[in-house]
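Trainee: Build me a model:
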Amino acid sequence: MSDLFWLTDEQMERLRPFFPKSHGKPRVEDRRVLSSIIFMNRNGMRWRDAPREYCPHKTLYNRWKRWGDMGIFMRTMDGLSAAKAEPQTIMIDATCLKAHRTASGLRLKRGSRGRLIGRTKGGMNTRLHAVTDQNGRPLNFFMTAGQISDYTGASALLDSLPMAQWLLADRGYDADWFRDALEEKGITPCIPGRRSRGKPVKYDRRKYKRRNRIEIMFGRLKDWRRVATRHDRCPTVFFSLAATVIFWL
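Mentor: Numbering: from 1, shown residues only. Here you go, the predicted model:
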């Protein structure tokens, strides 16, 4: 029992408003189920190997899948981050997540977005695009197949950017259309120019040094083994809970 993860009462009080209430037949205690879901995702274990101290593995997986399909984990991150974020300066970047063979199995349902897994030089990957506040805490995510460029993620996240003064990004986001779009929103880009540019781009080098915080964020997310190696077929459930527990809980 001492090696298992358990949410504290204070943490559960902060999480409880975002989860559906129990109706009809009493269900397994949410604290027990959430604690076990966190434990399983952080350690990269198969659901059937869940410790007996939690609850039956079918209960864990069904609750994890159902809550993920309902968008509860994403809403939890959005709700908790809205109260504590410091978005005066924001950052954008992307990272690749290795896809396990179990993540791409079975046929797709009609009308689905697909598995969001693509072939790259490093194998089968999913690309996770993220926007963070000035402290490197995630505010928004967007997923694509692994071979998709940073431009696609930037375009998808552009409309959801919070009101900010600065945006920090590496030279992979150096595009005139992106700079113009940021300035239209009142955001000053701090992005070094590509080496192929004929004329150097001026940017605040001192402020740009803070961009390493988004790299640290990705590193901490990948400490969770089911994030670093994607096992889930559903592309909406496997990273937002990790971001909530690590940065906002």
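Trainee: Now do the one helix or strand in the chain whose mean pLDDT sits lowest: which elements does it pack against?
Mentor: When each helix and strand of the chain is scored by mean pLDDT, DSSP states H and E, strand 118-120 comes last, with a mean of 79. Contacting strand 118-120 under the criterion 3 or more Cβ pairs under 8 Å, 6 or more residues apart in numbering; DSSP states H and E are the following elements: strand 123-132. Backbone N, C-alpha and C define where each C-beta goes, glycine included.
Trainee: go with 6 Å
Mentor: Helices and strands touching strand 118-120, as assessed by 3 or more Cβ pairs under 6 Å, 6 or more residues apart in numbering; DSSP states H and E, are absent.
Trainee: That strand pairs with which strands, parallel or anti?
Mentor: Paired strands of strand 118-120, with direction, are strand 123-132 (antiparallel) (DSSP bridges).
Trainee: which other residues reach the strand it pairs with?
Mentor: With Cβ atoms under 6 Å, 6 or more residues apart in numbering as the test, strand 123-132 has contacts from 90-92, 94-97, 99, 116-117, 138-144, 146, 148, 153, 157, 214, 217, 230.
Trainee: try stretch 82-90
Mentor: Against stretch 82-90 from outside (Cβ under 6 Å, 6+ apart): Val131, Asp133, Gln134, Leu139, Pro162, Ala164, Gln165, Trp166, Leu167.
Trainee: Export only the CA atoms of that stretch, formatted as PDB.
Mentor: C-alpha atoms of stretch 82-90 as PDB (Å, rounded to 0.1, in the frame of the first residue of the first chain):
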ATOM      1  CA  ALA A  82      -7.800  29.200 -15.800                       C
ATOM      2  CA  ALA A  83      -7.600  30.200 -12.100                       C
ATOM      3  CA  LYS A  84      -3.800  30.000 -11.800                       C
ATOM      4  CA  ALA A  85      -2.200  30.700 -15.200                       C
ATOM      5  CA  GLU A  86       0.100  33.600 -15.800                       C
ATOM      6  CA  PRO A  87      -0.300  34.200 -19.600                       C
ATOM      7  CA  GLN A  88       1.400  37.600 -20.000                       C
ATOM      8  CA  THR A  89       4.100  35.600 -21.900                       C
ATOM      9  CA  ILE A  90       3.100  32.400 -23.600                       C
END
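Trainee: looking only at pLDDT, what's the mean for it?
Mentor: Confidence for stretch 82-90, expressed as mean pLDDT, is 89.
Trainee: Stretch 182-194 now?
Mentor: 94.
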